[in-house]
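Trainee: sequence unknown, structure follows:
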């Protein structure tokens, strides 16, 4: 999901290198609560707020891996955990899972990184919550651990060995092109519901600015932060106005309060960009409470089974860019195990500075010239 900096995923190199739709992805169980480890050590349980537990894979595997998430409340990260647990149970890996209380909780993540080093783990999979984790990641790599970022590269990106991620700029661009096509030349009065306004993380800037690029507003990525575009001007189809940039912390309540602030600034908003689907749900709740939900295009990124695609199917979200977090986690687990067994380090995708795990636009309302898949097709592969 999600969350950035100049070192991560250069936007200028993406367009020629990445197809909009991913190939087949690994299967993933539906999002839900984690299971407890039994005597065979087939599962791992973790709680938000710094608690972490460990279970060895079946057969008493000795390759230690720590999965360090932003939180365990967002289904995106829950899907990563479930996929990592499934991989651990079959590949001889002892998996430890830790998570922060919320996006931005870097203190908990630093503690988990330090614990991974102290415990003699072979590798770390992390969705960094902010730049404060970088010194700890540097120490982990110096200690010989393979460090892989999932979804969110740190700043600088060279603080990890490799990133397994969605092309977040392309994800934003896809929903921007879709919104552009839906407007039919009408003035676009846009609410930008971002992740943060007190720190710069690449998922945030890339999705935000990719969306604006898809609308025909911003010519290129500005990794130094959001809100740098002209507030009024022309998009590809007509006139636009940026009504607001508000932080949501990627949460429903954050999306609701952000949308309320935007509506207070401009009651004519007809396009709402959201960093993720929980924020989109909150934005819709605010619009509905104000009696302004009709005729507003809401677009988002993530493509989760629930609530994401359910929101698209019901018409709350018009289109979303689907990611594959389960694939990020399972490939990361395999890479650490392979290296521990004497194999080679993982390599980036051709022409990119990260390993691309794919993205697909999901909508039941097609726009000419914008590749997309249906909600029904998206549900078959959601968050694998």
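Mentor: Received, thanks. Being a predicted model, the structure only gives us computed values, none of them experimental. Numbering: from 1, shown residues only.
Trainee: Where does pLDDT dip in this structure?
Mentor: For the chain, the stretches with pLDDT under 70 are 1-61, 384.
Trainee: what's the helix or strand for residue 298?
Mentor: For residue 298, the host element (DSSP states H and E) is strand 297-302.
Trainee: Could you give me the buried positions within that strand?
Mentor: In terms of neighbour count (16 or more other C-beta atoms under 10 Å), strand 297-302 has its buried residues at 297-302. All C-beta atoms are positioned from the backbone trio N, CA, C, and that covers glycine.
Trainee: Identify the residues contacting the residue nearest to residue 183 when sequence neighbours are not counted.
Mentor: Taking C-beta to C-beta, 6 or more residues apart in numbering as the measure, residue 183 lies nearest to residue 237, with 5.4 Å between them; neighbours along the chain are not counted. If a contact means C-beta atoms under 8 Å, 6 or more residues apart in numbering, then residue 237 has 180, 183-186, 188, 216 as its contacts.
Trainee: Residue 166 versus residue 237, what's the distance?
Mentor: When C-beta to C-beta, to the nearest Å is the yardstick, residue 237 and residue 166 sit 26 Å from each other.
Trainee: Residue 271 now?
Mentor: Computed with C-beta to C-beta, the distance linking residue 271 and residue 166 is 22 Å.
Trainee: chain center to the strand or helix carrying residue 321: distance?
Mentor: When elements are defined using DSSP H and E, residue 321 is found to belong to strand 319-322. Mean-position distance between strand 319-322 and its chain equals 12 Å (C-alpha atoms, centre = their mean, to the nearest Å).
Trainee: Which elements pack onto that strand?
Mentor: The criterion is 3 or more C-beta pairs under 8 Å, 6 or more residues apart in numbering; DSSP states H and E, and the helices and strands that strand 319-322 contacts are helix 168-183, strand 297-302, helix 310-314, strand 360-362.
Trainee: in its sheet, what does the second one sit against?
Mentor: Strand pairing for strand 297-302, using DSSP bridges, gives strand 271-274 (parallel), strand 319-322 (parallel).
Trainee: Redo those strands as a markdown table? Include distance to residue 134 and mean neighbour count.
Mentor: What follows is those, written out as a markdown table (distance: least, C-beta to C-beta, whole Å; neighbours: other C-beta atoms under 10 Å):
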| stretch | distance to residue 134 | mean neighbour count |
| --- | --- | --- |
| strand 271-274 | 28 | 30 |
| strand 319-322 | 27 | 30 |
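Trainee: Kindly reformat these as a markdown table and extend each row with distance to residue 136.
Mentor: Below are these laid out as a markdown table (distance: least, C-beta to C-beta, whole Å):
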| stretch | distance to residue 136 |
| --- | --- |
| strand 271-274 | 31 |
| strand 319-322 | 31 |
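Trainee: Identify whichever of those strands lies nearest to residue 161.
Mentor: Distances from residue 161 to each of the strands paired with strand 297-302 were compared using C-beta to C-beta; the shortest belongs to strand 319-322, at 26.3 Å.
Trainee: how much does the very next helix or strand once past the closest one deviate in direction from strand 297-302?
Mentor: Moving toward the C-terminus from strand 319-322, the first helix or strand encountered (DSSP H and E) is helix 325-340. In this structure, helix 325-340 runs at an angle of 20 degrees to strand 297-302, with axes from the mean of the first three to the mean of the last three C-alpha atoms, to 10 degrees as the basis.
Trainee: what distance separates stretch 122-140 from the centre of its chain?
Mentor: Distance of stretch 122-140 from its chain centroid, counting by C-alpha atoms, centre = their mean, is 17 Å.
Trainee: Start and end of it, how far apart?
Mentor: For stretch 122-140, the first-to-last residue distance is 10 Å (C-alpha to C-alpha, to the nearest Å).
Trainee: swap in stretch 159-175?
Mentor: As for stretch 159-175, its first-to-last residue distance stands at 30 Å under the measure C-alpha to C-alpha.
Trainee: any idea how far that stretch is from the chain center?
Mentor: 8 Å.
Trainee: How about stretch 191-201?
Mentor: 14 Å.
Trainee: One more: stretch 227-244?
Mentor: When distances are taken as C-alpha atoms, centre = their mean, stretch 227-244 is centred 25 Å away from the chain's centroid.
Trainee: if we can go back for a sec, where does the residue nearest to residue 183 land in three-state SS?
Mentor: coil (DSSP: H, G, I helix; E, B strand; the rest coil).
Trainee: and if you look at the one 3 residues further on?
Mentor: In terms of secondary structure, residue 240 is strand; the call rests on three-state DSSP.
Trainee: Specify the beta-bridge partners of it.
Mentor: Here residue 240, judged by DSSP bridges, has bridge partners residue 188, residue 233.
Trainee: Next, count neighbours for it.
Mentor: Using other C-beta atoms under 10 Å, the number of residues around residue 240 comes to 25.
Trainee: ok, now residue 195?
Mentor: Taking other C-beta under 10 Å as the criterion, the count of residues near residue 195 is 30.
Trainee: that older thread, what inclination does the strand holding residue 298 have with respect to helix 168-183?
Mentor: Between strand 297-302 and helix 168-183, the angle comes out at 160 degrees (the same axes, to 10 degrees).
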